[in-house]
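# Next comes the sequence, and after it the predicted model I'd like to discuss.
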Amino acid sequence: MRRWHSLLEIIQFPLKMLFIAIILTGVGTLIANQNLSVFWSVTDRNILLVAELMRRTGSFIIVQFPFFVMLKFLATRTNSSVPIMIGIAGYILVLLITMLFGQQGLTASAYSSIFGLSSSSSLFDTIRYPLQTGFFACAAVVLSTRIAYSRSRTKSLYGFFSFIDRDTWALILTLIFCVVTGFILVWIWPMVLRVLNIIFDFIATDITNPMNLFVYGITDRVLADLNLGALLRNVFWFGEAGGTWINNLGVNYSGDVGIWTAQISSLMTPSGVGRFITPYYVLNLFAVPGMIIGFYTIYTDRMEKRRIRFFFILAVLVSLLMGTLLPLELFLLVLTPLLYVFHLAVTGVLFGVFQAMGVALGYSYSGSAVTAMPGTLFDFLLYVRNPDMQHTIQMILLVGVMVFVLYLAFTRFYFRHLALDLFNTGASKRKVEGFILAVGGLENIKMMHASPMRLTIQVVDSTLINFPQIQRLGASRVVESRAGYSVNFGAGSTIIKNEISKRMKEMKRAA
């Protein structure tokens, strides 16, 4: 459990980078988006160039997010830059192997010009690109680099290869491991894609079936979190699996988003499309704000709540205007896996329910499926004034309010009752009692506060605290601050705090 909690410490900064990248991408897109000309119209070339700079910078960070996470993992546990440098070299090697030896003829979304890598050598009939493997290649490189670096530290300074220093030996071992990793990915990735295509084919058999849309919703979010969202979205957003439509001029349009965009451009009220986008309006405008507010209410320290209030307001605004699903879902996956599963289930249900209700509201877009931000407030407001869409708008608002309440209530309930010892095995009681003993007993506790990730405790006598015992109980980190000792127990911090507060009240009444 301590190792699992420590993952959040590692990915916190990359998640902050991702959050800022979404803001940059969103602001840049909003400034230059011609579809929003009803709200504003920007013609100044310098402003448009700045908007393009923001959009491209944010998009690069989003697309390459697994690489930044990889760098953060490589930077931990050592005070050396060597693991980072050899990890980058290993990652480039893996990409080159998948580019030169990877199976050709796969779906176009299976390849990506990562860092501009491509090959137009005379050895090949077509231009080749590395395989798009999302987090998988980065995770394999982290594992290879850590093993190689660890083994290099025990290398003898005597022997046949004594002229090779330990850092160089770490590089050599990493490259060897990454060669093996690259060829394993070349061999296994087509099989992974075949499994995904089975799921895609099932969904495409009947895109009007609520169960198929339920599967689509869950698959879409899981693949997006793995940085593989384009595999699914390109098929249904812009491919024939998402439907086809021929306009009066005989031009054929494919995909749910492609058709919606074409019909909106033709000043038509779209019909029969939008089913793959509708739930995003509820998720961005209601579900995520509900969960963010739920997180905020878990903080018990008024001073800390005042300090972080603006961040939570900003997070809600970003969700409304740009969408924060990706960083929030990755945060949930590490901190609260059960909340993540709850979110996936509700997402799938929303896709199925809206399809069953015949409610669809699409998204006008023609860019990259990876950096697309569907279901934002301005997109929603574009259609509010359309009299032909009033029933759809009303249904989205009605469902949205219910989902907002559901997310807010379940988030609070989870941290108060489910985050620790879900199956009532007694682990929660043992951890509370062990923590009380580790801090010197209830009499030594002056004050306690909790947050979604940690609890803060002030004690009468700090010499009574048993720090090794606190870590054995599952705390990933204990830090002394002005407010007291900050103990990272993860999502279970609130339950531990509430149980100890309850026992302290009982002790005072007994006295």
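Happy to help now that I have it. Every value quoted in this text rests on a predicted model; they were computed, and no experiment measured them.
# which helices and strands sit right next to the helix or strand hosting F435?
Here F435 sits within helix 427-438, counting by DSSP states H and E. The helices and strands touching helix 427-438, judged by 3 or more Cβ pairs under 8 Å, 6 or more residues apart in numbering; DSSP states H and E, are helix 467-472, helix 493-510. Where you see a C-beta, it was placed from the backbone N, CA and C, and this is true even at glycine.
# Among those helices, which comes closest to Q263?
Across the helices and strands packed on helix 427-438, Q263 has its closest neighbour in helix 493-510 (48.3 Å, Cβ to Cβ).
# quick one: low-confidence parts of the stretch 1-150 of the chain?
1-5, 37-38, 121-124 (pLDDT under 70).
# ranges for the helices of it?
Using DSSP state H, counting those that start in this stretch, the helices of the stretch 1-150 of the chain run over 2-32, 45-63, 65-75, 82-101, 135-152.
# Name the surrounding residues that touch the helix holding F435.
420-421, 442, 445, 465-467, 469-470, 473-474, 492, 495-496, 499-500, 503 (Cβ atoms under 8 Å, 6 or more residues apart in numbering).
# if we go to 7 Å?
420-421, 442, 465-466, 469-470, 473-474, 495-496, 499-500 (Cβ atoms under 7 Å, 6 or more residues apart in numbering).
# got the angle between the host helix or strand of L193 and helix 82-101?
Per DSSP H and E: L193 is located in helix 166-204. Going by axes from the mean of the first three to the mean of the last three Cα atoms, to 10 degrees, helix 166-204 is angled at 50 degrees with respect to helix 82-101.
# Heading C-terminal from helix 166-204, find the next helix or strand.
Downstream of helix 166-204, the next assigned helix or strand under DSSP H and E is helix 210-225.
# Now do that following helix against helix 135-152, angle only.
Inter-element angle recorded for helix 210-225 and helix 135-152: 40 degrees (by the same axes, to 10 degrees).
# Packing partners of helix 210-225?
Here helix 210-225 touches helix 166-204, helix 229-237, helix 325-335, helix 337-357, going by 3 or more Cβ pairs under 7 Å, 6 or more residues apart in numbering; DSSP states H and E.
# Could I get the CA-only coordinates of that helix as PDB?
Taking C-alpha atoms only, helix 210-225 is exported to PDB below (Å, rounded to 0.1, in the frame of the first residue of the first chain):
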ATOM      1  CA  PRO A 210     -27.400   1.100 -25.800                       C
ATOM      2  CA  MET A 211     -25.200  -1.900 -24.700                       C
ATOM      3  CA  ASN A 212     -22.800  -1.200 -27.500                       C
ATOM      4  CA  LEU A 213     -22.600   2.400 -26.500                       C
ATOM      5  CA  PHE A 214     -22.000   1.300 -22.900                       C
ATOM      6  CA  VAL A 215     -19.000  -0.700 -24.000                       C
ATOM      7  CA  TYR A 216     -17.800   2.200 -26.200                       C
ATOM      8  CA  GLY A 217     -17.900   4.700 -23.300                       C
ATOM      9  CA  ILE A 218     -15.800   2.500 -21.000                       C
ATOM     10  CA  THR A 219     -13.400   1.600 -23.800                       C
ATOM     11  CA  ASP A 220     -13.000   5.200 -24.800                       C
ATOM     12  CA  ARG A 221     -12.000   6.400 -21.400                       C
ATOM     13  CA  VAL A 222      -9.600   3.500 -20.700                       C
ATOM     14  CA  LEU A 223      -7.800   3.900 -24.000                       C
ATOM     15  CA  ALA A 224      -7.600   7.700 -23.500                       C
ATOM     16  CA  ASP A 225      -6.000   7.200 -20.100                       C
END
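# For it, the averaged confidence score.
Taken as a whole, helix 210-225 has an average pLDDT of 95.
# close enough to count as contact, P270 and W260?
Yes. Using Cβ atoms under 7 Å, P270 is in contact with W260, at 5.0 Å.
# And the two? Which one has more around it.
W260 (30 against 23; other Cβ atoms under 10 Å).
# Is the nearest residue to the more buried one once chain neighbours are set aside within a helix or a strand, and which one?
The shortest distance from W260 to any non-neighbouring residue, by Cβ to Cβ, 6 or more residues apart in numbering, is to G362 (3.4 Å). Per DSSP H and E, G362 falls between elements, in no helix or strand.
# how would you label S368: helix, strand or coil?
Classification of S368 by DSSP: H, G, I helix; E, B strand; the rest coil places it in coil.
# I should have written A475 there, sorry.
Reduced to three states by three-state DSSP, A475 is coil.
# That one: neighbouring residues, count only.
Counted with other Cβ under 10 Å, A475 comes out at 24.
# next one: S271
Neighbours of S271 (other Cβ under 10 Å): 12.
# how near is the residue nearest to it when sequence neighbours are not counted to F295?
Spatially, and ignoring its direct neighbours in sequence, S271 is nearest to Q263 (7.6 Å; Cβ to Cβ, 6+ apart). As for Q263, its distance to F295 is 39 Å (criterion: Cβ to Cβ, to the nearest Å).
# Between these two, which has more neighbouring residues?
Neighbours per residue (other Cβ under 10 Å) separate Q263 from F295, with F295 holding more: 24 against 21.
# my guess is the more buried one contacts T411, does it?
Yes. Here F295 lies in contact with T411, judged by Cβ under 7 Å, at a distance of 6.4 Å.
# doesn't T297 make contact with K305?
No. Contact criterion Cβ under 7 Å: K305 and T297 do not qualify, at 8.9 Å.
# check contacts around the nearest residue to V318 once chain neighbours are set aside.
Closest residue to V318 in three dimensions, ignoring its sequence neighbours and counting by Cβ to Cβ, 6+ apart: T324, at 5.2 Å. Applying Cβ under 7 Å, 6+ apart, we find T324 in contact with F19, I22, V288, A315, V318.
# before we move on, back to that, check the helices and strands packed on helix 210-225 for me and report the most buried one.
The highest average neighbour count among the helices and strands packed on helix 210-225, using mean count of other Cβ atoms under 10 Å, belongs to helix 229-237 at a mean of 24.
# so it versus helix 325-335, what angle?
Going by the same axes, to 10 degrees, helix 229-237 makes 130 degrees with helix 325-335.
# and helix 229-237, how far from the chain's centre?
17 Å (Cα atoms, centre = their mean, to the nearest Å).
# contacts for that helix?
Residues contacting helix 229-237 (Cβ under 7 Å, 6+ apart): 109, 196, 200, 219-220, 223, 241-242, 255-258, 276, 369-370.
# let's see 8 Å
With contacts defined as Cβ under 8 Å, 6+ apart, helix 229-237 is touched by 107-110, 112, 132, 193, 196, 200, 203-204, 207, 216, 219-220, 223, 241-242, 255-258, 276, 365, 368-370, 372.
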